[in-house]
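Q: sequence and predicted structure are below.
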Amino acid sequence: MDLSGEHVIAAPPEVVWARLLDPATLMTCVPGLAEVTGDIACGYGAVIKRRIGPLPLTIRGELHLIDVVPGVSYTILTKGSGGLAGSAGGRADVQMHAVPEGTRLTYTATATVAGRLARMGEGLVRPLAQSAMDRFFDRFAAAVTGDQRVAFDRNREFGE
């Protein structure tokens, strides 16, 4: 499954870069992210709790950044397991460009799913993945710019 997108953040590239690498920022922006550990050098561990329809899902995974060009780009490699629900993994290439409005972030991603997640079909999984990406960027822009209008209920997000 391939995804791509582009978002403009109203902040300079050095601020956007720093916040993209900040686990505390990511905790408030990644839909369902319940825990993050590690660092850029050794990689990150993460726990994501989501609900896909009636299926509660806890994914434990890891994330590594490679091909890092500070302030410009990096590639994210991910893999995770949701137990009986299946597994997921992927690669995303992220690039930043200074624009008059601030910073343009672009990404291209390829994701694979297996198990029950795959049996749900790409027709269901793709819109959920795209929605999660869009919510991430809305929240990330709000976190970077200090816009308090974008908020979310963590209990609803985690399906608790």
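A: The structure has been received and is ready for your questions. Note that the coordinates shown come from a computational prediction; the quantities given were computed from them, not determined experimentally. Numbers count the residues shown, from 1 in each chain.
Q: going by C-alpha atoms from here, please, whenever you check contacts or count neighbours.
A: Fine.
Q: residue with max distance from the center of the protein?
A: P100 (25.2 Å; CA atoms, centre = their mean).
Q: contacts only, for the residue nearest to V30 when sequence neighbours are not counted.
A: Excluding the flanking residues, the one nearest V30 by CA to CA, 6 or more residues apart in numbering is F136, at 5.2 Å. Residues near F136 by CA atoms under 8 Å, 6 or more residues apart in numbering: 29-31.
Q: report the lowest-confidence entry in these.
A: Among those, P31 carries the weakest pLDDT, at 81.
Q: now do the strands in this protein.
A: Using DSSP state E, the strands of the chain run over residues 2-9, 33-39, 43-52, 55-69, 73-81, 87-99, 102-114.
Q: nearest to P127, out of these?
A: strand 2-9 (10.0 Å; CA to CA).
Q: now the helix ranked longest in the chain and strand 43-52, what's the angle there?
A: Using DSSP state H to define each element, the chain has its longest helix at helix 122-145. Between the axes of helix 122-145 and strand 43-52, defined by axes from the mean of the first three to the mean of the last three CA atoms, to 10 degrees, the angle is 120 degrees.
Q: for helix 122-145, the distance to its chain's centre please.
A: Using CA atoms, centre = their mean, to the nearest Å, the distance from the centre of helix 122-145 to the centre of the chain it belongs to is 7 Å.
Q: just the buried residues of it, please?
A: Residues 125, 132-144 are the ones in helix 122-145 that count as buried (16 or more other CA atoms under 10 Å).
Q: now do stretch 23-42
A: Under the neighbour-count criterion of 16+ other CA under 10 Å, stretch 23-42 has 23, 25-26, 28-34, 36 buried.
Q: need the contact partners of that stretch.
A: Outside stretch 23-42, the residues that reach it (CA under 8 Å, 6+ apart) are 19-21, 44-50, 64-65, 132, 135-137, 139-140, 143, 154, 157-158.
Q: how about Q95, what does it touch?
A: Shown in contact with Q95 (CA under 8 Å, 6+ apart): 72-74, 105-107.
Q: before we move on, what about E14?
A: So E14 contacts G71 (CA under 8 Å, 6+ apart).
Q: pLDDT at it, what is it?
A: What the model reports for E14 is a pLDDT of 94.
Q: find the centremost residue of the protein, please.
A: Nearest to the chain centroid, counting by CA atoms, centre = their mean: V30, 5.1 Å.
Q: coming back round to it: the longest helix of the chain - what's its average pLDDT?
A: In this model, helix 122-145 has an average pLDDT of 81.
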